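Student: Just to be clear, the model below is a prediction. Sequence and coordinates:
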Protein chains: 2
Amino acid sequence: MKYEPVVTESVAKQIAEQIRRAITNGTLKADDKLPTESELARQYNVSRPTIREALKRLAAKSLIRSRRGPAGGTFVRAPSAEDMSQDLISSVALMVSLSVFDLTEIAETRHELERVCIRLAVKRRTEAELSRMATEIKLQKDKSLTDEEFCASDVRFHRALVDATHNSVMQFQMFTVIEALQPVENMVIFRFREREKTIEQHEKIWRALRAQDLEKAEKAIDEQMVYLRKSFSQAQEWRRKRDSAETVA
Amino acid sequence: MKYEPVVTESVAKQIAEQIRRAITNGTLKADDKLPTESELARQYNVSRPTIREALKRLAAKSLIRSRRGPAGGTFVRAPSAEDMSQDLISSVALMVSLSVFDLTEIAETRHELERVCIRLAVKRRTEAELSRMATEIKLQKDKSLTDEEFCASDVRFHRALVDATHNSVMQFQMFTVIEALQPVENMVIFRFREREKTIEQHEKIWRALRAQDLEKAEKAIDEQMVYLRKSFSQAQEWRRKRDSAETVA
DNA sequence: TAACAATATTTGTCAAGCAAATCTATGAAT
DNA sequence: ATTCATAGATTTGCTTGACAAATATTGTTA
C-alpha cells in the first residue's frame, strides 16, 4: 500500500520559514546580521548543515547574502525590484517553455499593458525618456546593425516607454511580459519583420508621446500590435509547418 | 583595506544553476527522477551536503520535490501557475512592507489593470463568472457578515471578474496587485468604507458586464476606483496622524 | 490468500574538522 | 612616525562518515 506523503515538514524548511517571517514582519531588517551558523545551530538545536540548508533556501530567494571572514556572516538583504524582476522573468520563461502560459495570451497581455503604459506615459514622459527613445530610433536606422543589436535596441526603446509611466509596479509587470515574449519576438524580427516598418512605428509612438497626444499614441500602439500579431502568427505557422515536416521526415 | 566580494560562486550554487538550466531547456522534464543524492555527489565530485544545499535552492523555488524511501528520490516538478502566483505574491508583499513599492503606485496599477480586465471581460464573460459574482453580491448583502468575511467575498468578486478575461497571464498579473493591496484595502474597509456603497458598485459592474456594455463597465470601474482612492488617502491620513501621535508620546 | 515482519533504499540529520576568504592587529622596514 | 607586510582570528564553504526516519519491496507465516 502506498503511503500518503508525510505531513511533517523538514526542520530545515521550518527554520527557513521562521526566518522568512522574521524578515517579512520587520523583526529582521535589511542589512541586519544574523547570528553565525554555529550560533543558529545552537539556538535551534540542530546541526550546522541543517542550518545551512535553511539559509540556502532563503539565499535562493535572495532574501539573504553571506560573506566569509571575521566581518562576514549572513545578512538580511532587501530584495531589490531588479532581483525580483529577474526571478520572475526566469520563472515565466520556464512556464512559457513548459507551455503553462500561452504565447497568444502573453501577447494580448502585453498589448493591453502597453496601452496602459502609453496612457500614463503621455501624461508623465520627461525629456529624459524622450531622448532615450530618440537615441534608440537613431541607432535602429543604422543599416550595419546586426539583428541581435536591432532587437536589443527595440527592447530598450520599449523599456524607455515603460519607464515614462514613472510607476515602478507598472514597470515591474511590464518587463515580465516584454521579456517573456522576447525570444519569439526576436525570431519574428529575424525572419519576418522589416526594420523600416518597425522604425516607422517607433517614430509614430515617439511623436505622439512628445506631443502628449493620447489619441495618436493609442493608435500607434494598436497599429504596432496588429502588425506584431500578424508577424507572430506567420511565425507560428512557419514553425508549425517546420515541425510537421520534421515529423514526416 | 576592504576586499571586493569574491567573484567565484559557490559550488552548490553552480550545481543548482546547472540543474535549473537542464529543467529550463527541457533536458529534465516534469516528474523526471534525478539521480540519488549520493549519485549526484559522485557525478559532480562533491560531498552530499553540498549537493543537498544545491537541491534545497531548487526546492525553495519549487522546481523539485523530494520523497524518502526506496521509491523516493528527487523529482522535477512542473511549477504551476498557482505556485508561482503564491511566490510572487509573497515577494511583492515583502517589498510593500519594505516600502520598495509604493502603495499609491500599486493602487494606480491595479486601477489600470482592472480597466483592462473589464474591457476583456465584457467581451468574454460567461454565465459561470456572472453567477459567481452574483453569488458574492448576494452574500455581501448579508448584514451578519463579519468584516473579514466581507473582505474575503470582495476578493472573490474581483477574482471572478479577472477570470472572466479568460487570459491566464492577465489573471496572474492581476492577482499579484490585488493581493498586494489587500492588507490596506481590508483596513480601509474596516474603518472607512461603507458596505452599501461597495455593494452598489459591485452591482453596477455586474450589470454592465451582463449587458456587455463596455462604456458603462469602464465608468463603473472608474467610479469604484475614485471611491477607493478617497478612502485610501483618508486611511493614510489617519495612519499618519496616529504615527505622529505615537512619536510625540 | 492475507496479514505481518524483515529488509533495502533513499532522504533527513548529526558530528567534527579542514579549507578558503578576509578583517584586524601586530611588528618590521623605511 | 608611517607604511607595508605578515600572522592570527573568525566566519562561511566543503568533506567525510555515520546514524535516523520514511517507505516500497520482498519474504514469511497463519
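Tutor: Happy to help now that I have it.
Student: From residue B:119, how far out is residue A:150?
Tutor: In this view, residue A:150 and residue B:119 are 32 Å apart by Cβ to Cβ, to the nearest Å. (C-beta placed from N, C-alpha, C; glycine too.)
Student: ok, stretch A:30-46 near DNA strand D or not?
Tutor: Yes. If you take Cβ under 7 Å from any atom of the strand as the test, stretch A:30-46 does meet DNA strand D, through A:34, A:36, A:37, A:38.
Student: Restricted to buried residues, select those residues in ChimeraX.
Tutor: Buried residues among the residues of stretch A:30-46 next to DNA strand D (16 or more other Cβ atoms under 10 Å in any protein chain shown), as a ChimeraX selection:
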select /A:34,37
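Student: okay, now the domains of chain A?
Tutor: Here the domain parsing of chain A from automatic domain parsing is A:11-76, A:82-248.
Student: Determine which of those domains shows the lowest mean per-residue pLDDT.
Tutor: Within the domains of chain A, confidence is poorest for domain A:82-248, with a mean of 88 (mean pLDDT).
Student: From the chain's centroid, how far away is it?
Tutor: Distance of domain A:82-248 from its chain centroid, counting by Cα atoms, centre = their mean, to the nearest Å, is 13 Å.
Student: Are there helices or strands packed against the longest helix anywhere in chain A, and which ones?
Tutor: When chain A is parsed with DSSP state H, its longest helix is helix A:214-248. The contact analysis (3 or more Cβ pairs under 8 Å, 6 or more residues apart in numbering or on different chains; DSSP states H and E) places helix A:214-248 against helix A:103-124, helix A:168-191, helix A:195-210.
Student: List the buried residues for it?
Tutor: Applying 16+ other Cβ under 10 Å to helix A:214-248 flags A:216, A:217, A:218, A:220, A:221, A:224, A:225, A:227, A:228, A:231, A:232, A:235 as buried.
Student: Out of those residues, flag the one nearest to residue B:146.
Tutor: Nearest to residue B:146 out of those is residue A:218 (Cβ to Cβ; 43.6 Å).
Student: What about the residues of stretch A:30-46 next to DNA strand D, which are in helices?
Tutor: Short answer: the residues of stretch A:30-46 next to DNA strand D in helices (DSSP H) are A:37, A:38.
Student: what about residue A:143, distance to residue A:196?
Tutor: Distance from residue A:143 to residue A:196, counting by Cβ to Cβ: 10 Å.
Student: Of those two, which one has the most company?
Tutor: More neighbours surround residue A:196 than the other of residue A:143 and residue A:196, with 10 against 6 (other Cβ atoms under 10 Å in any protein chain shown).
Student: Just the element for whichever residue of chain A sits closest to DNA strand C, please.
Tutor: Of all residues in chain A, residue A:69 sits closest to DNA strand C, at 2.7 Å by Cβ to the nearest atom of the strand. Assessed by DSSP states H and E, residue A:69 sits outside every helix and strand.
Student: Next, give phi and psi for it.
Tutor: phi 100, psi 170 (degrees, to the nearest 10).
Student: That one and residue A:36, how far apart?
Tutor: Taking Cβ to Cβ, one finds residue A:69 at 12 Å from residue A:36.
Student: near DNA strand C, which residues of chain A?
Tutor: Listed as neighbours of DNA strand C in chain A under the rule Cβ under 7 Å from any atom of the strand: A:10-12, A:45-50, A:53, A:67-72.
Student: run the last query once more with 6 Å
Tutor: Counting by Cβ under 6 Å from any atom of the strand, the residues of chain A lying close to DNA strand C are A:10-12, A:46-47, A:49-50, A:67-72.
Student: Would you check which of these are in contact with chain B?
Tutor: Filtering those for proximity to chain B by Cβ under 8 Å from any Cβ of the partner chain leaves A:12, A:49, A:67, A:68.
Student: So which of those belong to strands?
Tutor: Per DSSP state E, strands hold the following members of those: residue A:67.
Student: PyMOL command to pick out the buried ones of the ones next to chain B among the residues of chain A next to DNA strand C?
Tutor: In PyMOL, this line selects whichever of these come out buried by 16+ other Cβ under 10 Å:
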select buried, chain A and resi 12+49
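Student: so which of the ones next to chain B among the residues of chain A next to DNA strand C would you say is closest to chain B?
Tutor: Lowest distance from chain B to those (Cβ to the nearest Cβ) belongs to residue A:49, with 4.8 Å.
Student: how near is the closest residue to that closest one other than its chain neighbours to DNA strand D?
Tutor: Excluding its sequence neighbours, the residue lying closest to residue A:49 (Cβ to Cβ, 6 or more residues apart in numbering or on different chains) is residue B:49, at 4.8 Å. Separation of residue B:49 from DNA strand D (Cβ to the nearest atom of the strand, to the nearest Å) stands at 4 Å.
Student: if I read this right, residue B:49 contacts residue A:56, doesn't it?
Tutor: No. Counting by Cβ atoms under 8 Å, residue B:49 stays clear of residue A:56, with 10.4 Å between them.
Student: Between the buried residues of helix A:214-248, which sits nearest residue A:76?
Tutor: residue A:221 (41.0 Å).
Student: For residue A:150, list the residues it contacts.
Tutor: A:140, A:189, A:195 (Cβ atoms under 8 Å, 6 or more residues apart in numbering or on different chains).
Student: Buried only: go through these for me.
Tutor: For these, buried by 16+ other Cβ under 10 Å: A:140, A:189.
Student: which among the contacts of residue A:150 gets closest to DNA strand D?
Tutor: Of all the contacts of residue A:150, DNA strand D sits closest to residue A:189, with 40.2 Å by Cβ to the nearest atom of the strand.
Student: For residue A:225, which non-adjacent residue is spatially closest?
Tutor: residue A:111 (4.4 Å).
Student: what's the burial count for that neighbour?
Tutor: Residue neighbour count, defined by other Cβ under 10 Å, stands at 18 for residue A:111.
Student: I figured it was touching residue A:226, is that so?
Tutor: No. Assessed by Cβ under 8 Å, residue A:111 is found out of contact with residue A:226, at 9.2 Å.
Student: Any chance of the residues of stretch A:30-46 next to DNA strand D in TSV with distance to residue B:88 as columns?
Tutor: Listed next are the residues of stretch A:30-46 next to DNA strand D as TSV, based on distance: Cβ to Cβ, whole Å:
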residue	distance to residue B:88
A:34	25
A:36	32
A:37	29
A:38	34
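Student: and the closest residue to residue A:173 other than its chain neighbours, how far is that from residue B:133?
Tutor: Using Cβ to Cβ, 6+ apart and skipping the chain neighbours, the partner closest in space to residue A:173 is residue B:173 (5.4 Å). Noted for residue B:173: a distance of 20 Å to residue B:133, by Cβ to Cβ.
Student: How about residue A:182?
Tutor: Taking Cβ to Cβ as the measure, residue A:182 falls 36 Å from residue B:133.
Student: So which of these two has more stuff around it?
Tutor: Taking other Cβ under 10 Å, residue A:182 and residue B:133 do not tie; residue B:133 has more neighbours (25 against 16).
Student: Please, which helix or strand holds the more buried one?
Tutor: According to DSSP H and E, residue B:133 maps onto helix B:127-140.
Student: Quick check: next helix or strand after that helix?
Tutor: Following helix B:127-140 toward the C-terminus (DSSP H and E): helix B:147-163.
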